[in-house]
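A.B. asks: Build the 3D model from these lines:
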Amino acid sequence: EGMTLIIGTEALPPEVVRAWADRHRLFNAYGPTEAVVNSATWEVPAAWTGGPVPIGPPDVNKRAYVLDSALRPVAPGVL
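C.D. replies: Numbering: from 1, shown residues only. Now for the predicted structure:
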């Protein structure tokens, strides 16, 4: 009870968040596996109601870009 959990996985399933977030402080961490570092982190808020789990904003002094297959930036919300 009351632990801080930092989970770094391909995509954090909402059912995992539901199972753990009510008893623990929970973070979804994202980063390239080649470097084994985090690039973005999202703390699950107490009021989280479900849905896709974001990777969060870039960590301090970092920038993140989402690019298409031609390495062009894509608009926010594009999958």
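
A.B. asks: Centroid-wise, who is the farthest residue in the protein?
C.D. replies: Ala70 (24.4 Å; CA atoms, centre = their mean).

A.B. asks: Give me the secondary structure label for that one.
C.D. replies: Assigned by DSSP: H, G, I helix; E, B strand; the rest coil, the conformation of Ala70 is coil.

A.B. asks: gap between the most centrally placed residue in the chain and Gly2?
C.D. replies: Computing the C-alpha centroid of the chain and ranking residues by CA atoms, centre = their mean puts Ile55 first, at 2.2 Å. Distance of Ile55 to Gly2, computed by CB to CB, to the nearest Å: 25 Å. C-beta: built from backbone N, CA, C; applies to glycine.

A.B. asks: next one: Leu26
C.D. replies: Using CB to CB, one obtains 12 Å as the distance from Leu26 to Gly2.

A.B. asks: So for these two, which sits in the more crowded spot?
C.D. replies: Leu26 (23 against 6; other CB atoms under 10 Å).

A.B. asks: Bridged to that one, which residues?
C.D. replies: Note on Leu26: beta-bridge partners by DSSP bridges are Leu5.

A.B. asks: give the contact list for it.
C.D. replies: 4-5, 7, 17, 20, 43-44 (CB atoms under 8 Å, 6 or more residues apart in numbering).

A.B. asks: Farthest pair within those residues?
C.D. replies: Using CB to CB, the contacts of Leu26 span at most 14.3 Å, a distance reached by Thr4 and Val17.
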